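Enquirer: pasted the sequence and its predicted model underneath.
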Amino acid sequence: MDELQDVQLTEIKPLLNDKNAARNFQDFDCQEHDIETAFGVVHVTMRGTPKGNRPVILTYHDIGLNHKSCFNAFFNFEDMQEITHHFAVCHVDAPGQQEGAPPFPSGYQYPSMDELAEMLPAVLTHLNLKSFIGIGLGAGAYVLSRCALSHPDLVEGLVLINVDPCAKGWIDWAASKFSGWTTNIVDIVLAHHFGHEELQANLDLIQTYRLHIAQDINQDNLQLFLTSYNSRKDLEIERPVVGVNEMTAKTLKCPALLVVGDNSPAVEAVVECNSRLDPTKTTLLKMADCGGLPQVVQVRHTLALPWHLRIEEPFFLLVLKLLSLFPQPGKLTEAFKYFVQGMGYIPYVQLSHLSTESVPAASMTRLMRSRSHSSSSVGSGESSRSRSHASTHGEGSAGTPEGIDLQAAPQTMEVSC
């Protein structure tokens, strides 16, 4: 018993200090809704109050996760508080994936990915929301992209993490069928989220997610969601070319920020998606030393958990503690700030880890940040859409000479950080 008394939990620094605790998006500061749509009931968690005519931030998680395990830690990250001060957040859980979800009845037909996307307009109507800026991961990124293609007037911007615009090929389909017979669903989902290197190196982190997927998500419901995702159609998007198909090309009309870790199994898919989008409205953010979940933890080397972090702890608390030790999601937070600010919604961007001064919006249309500050180079070529919906062009990447006319030779801006 003496040893137990020596354990000092006060050594675990909270993600946010006490003075910001009241602003933190916690579970008590939310309203939960079960919304009936033409394709079934969807669980939605609304946090904060919509601000005037501003869009809400709408999130959609990946397979094996729900809105809490996918996004809560990210939105509770300190630098995200400026964003949540300006925007309400609407978290959408895919049917049957929320905490405590009951199993579906025998013979239940799970919605297709297209039908999941068609649920979102009903969600907005029910909550009296006009439009959203979407943040999606994996399957969630696909759903948001499909919604933006079908309802461009509802989507003002997209942050697509690990997005795959392609349908599963026959070889991939056969391989997934075979692996489904020989591998349990938890391992399949882990291989979807993490690359081989991460699976071998970050054993503690992988074990944390393994337990979460196995214990916190209804396995039958998860199998239905996974099957729906593996049966997805190709988004059939194509890059518009001036003078050829700029008026007829099927592509996203809103600004898009594509995000992928350089060690993620989704790298090729994200690069493919980037090649098929409008280069004047798209930014590709490839994050160095980052694995499959850049919005949570980005540690590629072997992760040895300190003694006071136990796998038996609740998943959300453990992720928060990991973030307090390895606050790499600040890179994604910063990129998201510039993305939203480039759309004209936030006049000043506060970088708490770089400076105590706010950066005027006018000076952030092209960001070239020294590696001496954060050992990274981040750009802000969001190709903002103004309040009058006037068309604009993407900004140049870091190091681009000032004299180059980017409109004359449009290129999707790729940023590594």
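Expert: Okay, I see it.

Enquirer: shaky segments in the stretch 251-400 of the chain?
Expert: Low-confidence segments of the stretch 251-400 of the chain (pLDDT under 70): 295-329, 347-400.

Enquirer: mind redoing it with 90?
Expert: Counting by pLDDT under 90, the stretch 251-400 of the chain has low-confidence residues at 261-263, 286-335, 337-338, 341-400.

Enquirer: and His43, that one's in a helix?
Expert: No. Counting by DSSP: H, G, I helix; E, B strand; the rest coil, His43 is not part of a helix but strand.

Enquirer: would you confirm that it contacts Pro102?
Expert: No. Contact status for His43 versus Pro102: not in contact, 11.3 Å apart, counting by C-beta atoms under 8 Å. All C-beta atoms are positioned from the backbone trio N, CA, C, and that covers glycine.

Enquirer: please identify which of the two sits among more neighbours.
Expert: Per other C-beta atoms under 10 Å, whichever of His43 and Pro102 has more neighbours is His43, with 21 against 8.

Enquirer: which ones are touching that one?
Expert: Residues in contact with His43 (C-beta atoms under 8 Å, 6 or more residues apart in numbering) are 32-35, 92-93, 95, 98, 101.

Enquirer: and the pLDDT for it?
Expert: Looking at His43, its pLDDT stands at 97.

Enquirer: before we move on, back to that, tabulate the contacts of His43 (JSON lines), appending distance to Pro50.
Expert: Listed next are the contacts of His43 as JSON lines, based on distance: C-beta to C-beta, whole Å:
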{"residue": "Glu32", "distance to Pro50": "16"}
{"residue": "His33", "distance to Pro50": "14"}
{"residue": "Asp34", "distance to Pro50": "20"}
{"residue": "Ile35", "distance to Pro50": "16"}
{"residue": "Val92", "distance to Pro50": "15"}
{"residue": "Asp93", "distance to Pro50": "20"}
{"residue": "Pro95", "distance to Pro50": "24"}
{"residue": "Gln98", "distance to Pro50": "22"}
{"residue": "Ala101", "distance to Pro50": "26"}
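
Enquirer: so how do I select the buried members of these in ChimeraX?
Expert: The following ChimeraX line selects those of the contacts of His43 that are buried, judged by 16 or more other C-beta atoms under 10 Å:
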select :35,92,93,95,98,101
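
Enquirer: looking at the contacts of His43, which are in strands?
Expert: Per DSSP state E, strands hold the following members of the contacts of His43: 32-35, 92-93.

Enquirer: out of those residues, the closest to Cys166 would be?
Expert: Val92 (23.1 Å; C-beta to C-beta).

Enquirer: okay but Gly138 is in contact with Pro265, surely?
Expert: No. Between Gly138 and Pro265 there is no contact under C-beta under 8 Å: 10.1 Å.

Enquirer: doesn't Met46 lie inside a strand?
Expert: Yes. Judged by three-state DSSP, Met46 forms part of a strand.

Enquirer: adding pLDDT and distance to Lys337, write the ones in strands among the contacts of His43 out as JSON lines.
Expert: Compiled in JSON lines, the ones in strands among the contacts of His43 are given as follows (pLDDT from 0 to 100; distance: C-beta to C-beta, whole Å):
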{"residue": "Glu32", "pLDDT": "94", "distance to Lys337": "28"}
{"residue": "His33", "pLDDT": "95", "distance to Lys337": "28"}
{"residue": "Asp34", "pLDDT": "96", "distance to Lys337": "32"}
{"residue": "Ile35", "pLDDT": "96", "distance to Lys337": "30"}
{"residue": "Val92", "pLDDT": "98", "distance to Lys337": "22"}
{"residue": "Asp93", "pLDDT": "97", "distance to Lys337": "26"}
